[in-house]
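Asker: heads up, no residue letters with this:
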């Protein structure tokens, strides 16, 4: 089973507002950048969407370390998800995306690692720039 590192960050201008995500998939020395956005969304939705889109890009079951500055995403993956499933996502924000995450994460072994944002972590900084560019693009498309 391949070991993949998935770095991801999300951004929303106005929160809610135009948003974007930036994701870097790394396998050995090979990197793939995935990005996207939505016209009206929240920061948390874009944080999670970046992870989902990164997982969708994997073509086989992998060991995946998700590295993000979003405690919402990392705690969701590592701590909260089983409880949310047990109570059928009652009073959970973004249940549509969490259910999509469950589907796309099934073939993989996933561990989340939190990093402090805007603290000089190279890949996190790069993902942050990509996410903000995508959010700005969404803003321009709306005008």
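Answerer: Yep, that arrived. In this text, all values refer to a predicted model and were calculated from it rather than measured experimentally. Residues are numbered from 1 along each chain as shown.

Asker: Apart from its chain neighbours, what residue comes closest to residue 25?
Answerer: Closest residue to residue 25 apart from its sequence neighbours, by Cβ to Cβ, 6 or more residues apart in numbering: residue 32 at 4.5 Å. No exception for glycine: its C-beta is placed from N, CA and C like everyone else's.

Asker: Provide the secondary structure category for the one you found.
Answerer: Under DSSP: H, G, I helix; E, B strand; the rest coil, residue 32 falls in the strand class.

Asker: Is it in contact with residue 57, as I believe?
Answerer: Yes: counting by Cβ atoms under 8 Å, residue 57 is a contact partner of residue 32 at 6.6 Å.

Asker: which neighbours do the two share?
Answerer: residue 25 (Cβ atoms under 8 Å, 6 or more residues apart in numbering).

Asker: OK, contacts around the residue lying closest to residue 116 once chain neighbours are set aside?
Answerer: Residue nearest to residue 116 in three dimensions, not counting chain neighbours: residue 69, with 6.5 Å by Cβ to Cβ, 6+ apart. Neighbour list for residue 69: 9, 114-118, 121, 124, 128 [criterion: Cβ under 8 Å, 6+ apart].

Asker: Repeat that for residue 140.
Answerer: By Cβ under 8 Å, 6+ apart, residue 140 has no neighbours at all.

Asker: From residue 40, how far off is it?
Answerer: Distance of residue 140 to residue 40, given as Cβ to Cβ, to the nearest Å: 14 Å.

Asker: Same question for residue 56.
Answerer: Relative to residue 40, residue 56 is positioned 22 Å away (Cβ to Cβ).
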